[in-house]
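J.: predicted model and sequence below, questions to follow.
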Amino acid sequence: MEIPPALIELLRNAERAVALTGAGVSQESGVPTFRDAQIGLWAQYRPEDLATPEAFQRNPKLVWDWYAERRAKVNTVEPNPGHHALAEMGRRIPSFILITQNVDGLHQKAGSREVIELHGNIRRVKCSECGQNAIRWQENSPEVPRCFSCGGLLRPDVVWFGEMLPAGALEAAAAAARNCRVFFSIGTSGLVQPAASLAYAAKSRGAALVEINLEPTPLTPLADFCLHGRAGQILPKLVGAVWG
Ligand code: OAD
């Protein structure tokens with residue numbers, strides 16, 4: 001996979017860049033994606049049975065346990081070269097904002113500083129009643145743990161289908177997308193709104209669109225540069241080609 005010289009030149013001179021990342025960036029750390037056929041999370045479970053307020057209402061223990069299992073998994077994995085390359089990009093480009101749909105916290109663990117978590121963070125837990133974040137909770141309790149303040153059921157601090165995104169996150173992400181020279185879409189199928197609309201917003205304001213993904217997505221026809229392959233291989237190669 002060669003890095004196009006025009007892209008190298010563009011990044012060497014870019015003052016402002018934005019990256020939107022999805023599950024594909026964490027896949028090489030061992031975190032399952034959502035829609036990869038057969039291995040993705042949604043290939044085994046139905047989102048509506050696990051990742052909606054209704055699912056939690058219907059069966060809080062099932063939903064709590066599924067996220068507790070994913071949280072335990074996420075606590076054992078490390079950032080991969082793709083995460084580290086994005087952290088380096090953040091050190092090299094004067095204004096670099098990383099918007100992620102991922103809830104694993106691996107970008108921050110790799111050293112990325114300006115991270116907007118559009119879908120929350122699975123390592124955090126909050127009360128389903130009063131919304132207060134829990135400082136600690138019993139992880140393997142037979143019942144779903146309850147809030148120390150109000151006694152409500154605790155839940156993962158992630159966005160479920162049909163829920164609003166964290167206040168301010170989408171506005172900050174949209175403002176960044178409208179005000180950048182280069183917009184990366186990395187490791188995402190580009191199917192979930194409103195995250196998927198950010199690339200179009202950037203493009204409409206004249207940004208160059210770079211897609212780095214294992215397979216084509218609905219965004220591919222719009223991209224100025226398409227680097228199809230593993231993010232953990234392409235991103236370090238890109239950073240090496242631009243900044244040596
Ligand atoms: P998906 O599973 O929908 O898409 C992951 C994309 O990454 C796919 O296009 C894969 O081809 C690609 N991919 C897989 N491994 C890769 C690798 N090593 N390098 C590069 N690309 C790779 O995951 P997302 O697009 O992140 O939201 O899903 C978006 C949202 O839908 C998630 O945040 C989650 C999910 O439902 C909520 O739960 C609210």
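T.: Ah, there it is.

J.: what is the lengthiest helix in the chain packed up against?
T.: The helix that spans the most residues within the chain, counting by DSSP state H, is helix 60-74. Applying 3 or more Cβ pairs under 8 Å, 6 or more residues apart in numbering; DSSP states H and E, we find helix 60-74 packed against helix 47-50, helix 53-58, strand 120-127, strand 154-158. Glycine gets a C-beta too; all of them are placed from N, C-alpha and C.

J.: which parts of the helix or strand just after that helix are buried?
T.: For helix 60-74, the following helix or strand on the C-terminal side (DSSP states H and E) is helix 81-92. Residues of helix 81-92 classed as buried: Pro81, Gly82, His83, His84, Ala85, Leu86, Ala87, Glu88, Met89, Gly90 (neighbour count, 16 or more other Cβ atoms under 10 Å).

J.: my read: the last one touches Arg113, true?
T.: What that stands for is Gly90. Yes: counting by Cβ atoms under 8 Å, Gly90 touches Arg113, with 6.1 Å between them.

J.: for the ligand, which of the helices and strands packed on helix 60-74 is the nearest?
T.: Among the helices and strands packed on helix 60-74, helix 47-50 comes nearest to the ligand, with 5.9 Å by Cβ to the nearest ligand atom.

J.: so what does that closest one touch, helix or strand wise?
T.: Applying 3+ Cβ pairs under 8 Å, 6+ apart, we find helix 47-50 packed against helix 53-58, helix 60-74.

J.: contacts for the helix or strand of the chain with the lowest mean pLDDT?
T.: Among the helical and strand segments of the chain, the one scoring lowest on mean pLDDT, DSSP states H and E is helix 41-44, with a mean of 80. Here helix 41-44 makes contact (Cβ atoms under 8 Å, 6 or more residues apart in numbering) with Pro32, Thr33, Phe34, Arg35, Asp36, Ala37.

J.: which of those residues are buried? Put it as a ChimeraX command.
T.: Burial among the contacts of helix 41-44 is assessed by 16+ other Cβ under 10 Å; the matching ChimeraX selection reads:
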select :32,33,34,35,36
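
J.: just give me the closest of the contacts of helix 41-44 to Ala173.
T.: Nearest to Ala173 among the contacts of helix 41-44 is Phe34, at 19.2 Å by Cβ to Cβ.

J.: mean pLDDT lowest where, among the helices and strands packed on helix 60-74?
T.: Per-stretch mean pLDDT for those is lowest at helix 47-50 (a mean of 86).

J.: identify the bridge partners of Pro156.
T.: Following DSSP bridges, Pro156 is listed with bridge partners Val125.

J.: can you give me the neighbour number for it?
T.: When neighbours are counted by other Cβ atoms under 10 Å, Pro156 registers 24.

J.: give me the contact list for stretch 167-175.
T.: Residues outside stretch 167-175 that contact it (Cβ under 8 Å, 6+ apart): Leu20, Ile97, Ile99, Ile116, Glu117, Leu118, Pro194, Ala195, Leu198, Ala201.

J.: farthest-separated two in these?
T.: Spatial extent of those (Cβ to Cβ) is set by the pair Glu117 and Ala201 at 18.6 Å.

J.: comparing those two, which shows the higher neighbour count?
T.: Neighbour totals were compared for Glu117 and Ala201, and Glu117 leads with 24 against 20 (other Cβ under 10 Å).

J.: tell me, how many residues neighbour the residue lying closest to Leu154 once chain neighbours are set aside?
T.: Excluding its sequence neighbours, the residue lying closest to Leu154 (Cβ to Cβ, 6 or more residues apart in numbering) is Pro145, at 4.7 Å. Counted with other Cβ under 10 Å, the neighbours of Pro145 add up to 19.
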